[in-house]
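Enquirer: Need a 3D model of the following:
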Amino acid sequence: MAIVQRTVQAPPDRVFAVLADGWTYSDWVVGTVHIRDVDENWPAVGSRLHHKAGPWPLSLHDKSEVLIVEPDRRLRLNAGLWPLGEAVVDIKLEPAPGGATKVTIEEDFERGPLLAVRNKLNDLVLHRRNIETLRRLADIAERSNRHTRRDALS
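Expert: Next up is the predicted model:
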């Protein structure tokens, strides 16, 4: 299992707002290159976003489904990438000092061929990917936070 943490300089509701916008996933989830559709009730339990992952012409079409949602606190997804398999991605948000948020991503293969080859190398690849994913998520949430503060000062 790959576990990555980062402190984001934005409050939990601002970070969760990024998670709750399914159309932004290709902006911050490394490997997701295009969002094809997002269910209207995203991120309600059972809702899905339909994505394309990987480089063209090898791109794979699949979907991710919400398993658990706790607004401003947690989003747990079943992320598909068939024929390679599925992973469970658990994103947890905790308030941190100064109005920041500690974000933790835990990811592990759940089904498919990648489950059979789960090892330290896979964990390392997921770990490195999720470090970049959290960096991108932080950029979006922090940029959004700066714009909101700037508007309040005007």
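Enquirer: With adjacent residues omitted, what lies nearest to the residue nearest to the spatial centre of the chain?
Expert: Nearest residue to the geometric centre of the chain (Cα atoms, centre = their mean): V29, 5.6 Å. Among residues not flanking V29 along the chain, T133 sits closest, at 5.7 Å (Cβ to Cβ, 6 or more residues apart in numbering). The way it works is simple: take the backbone N, C-alpha and C, and place the C-beta from them, glycine included.
Enquirer: got any ranges where this structure has weak pLDDT?
Expert: Applying pLDDT under 70 to the chain flags the ranges 56, 58, 81-85, 110-124, 145-154.
Enquirer: So G46 lies in a strand, does it not?
Expert: No: counting by DSSP: H, G, I helix; E, B strand; the rest coil, G46 falls outside a strand, being coil.
Enquirer: From A20, how far off is it?
Expert: According to Cβ to Cβ, to the nearest Å, G46 stands 15 Å off from A20.
Enquirer: could you pull out the strands for the chain?
Expert: Applying DSSP state E to the chain gives strands spanning 2-8, 32-38, 48-53, 60-70, 74-80, 86-96, 100-111.
Enquirer: Distance from the chain centre to the shortest one, please.
Expert: On the basis of Cα atoms, centre = their mean, to the nearest Å, strand 48-53 is displaced by 12 Å from the centre of the chain it belongs to.
Enquirer: Please provide the alpha-carbon coordinates for that strand, formatted as CSV.
Expert: Output in CSV follows, covering the C-alpha atoms of strand 48-53 (Å, rounded to 0.1, in the frame of the first residue of the first chain):
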residue,chain,number,x,y,z
ARG,A,48,-19.0,7.8,-10.9
LEU,A,49,-16.7,9.8,-13.0
HIS,A,50,-15.7,8.3,-16.4
HIS,A,51,-12.1,8.9,-17.3
LYS,A,52,-9.4,8.1,-19.8
ALA,A,53,-5.9,7.2,-18.6
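Enquirer: Please consider this matter closed, and thank you.
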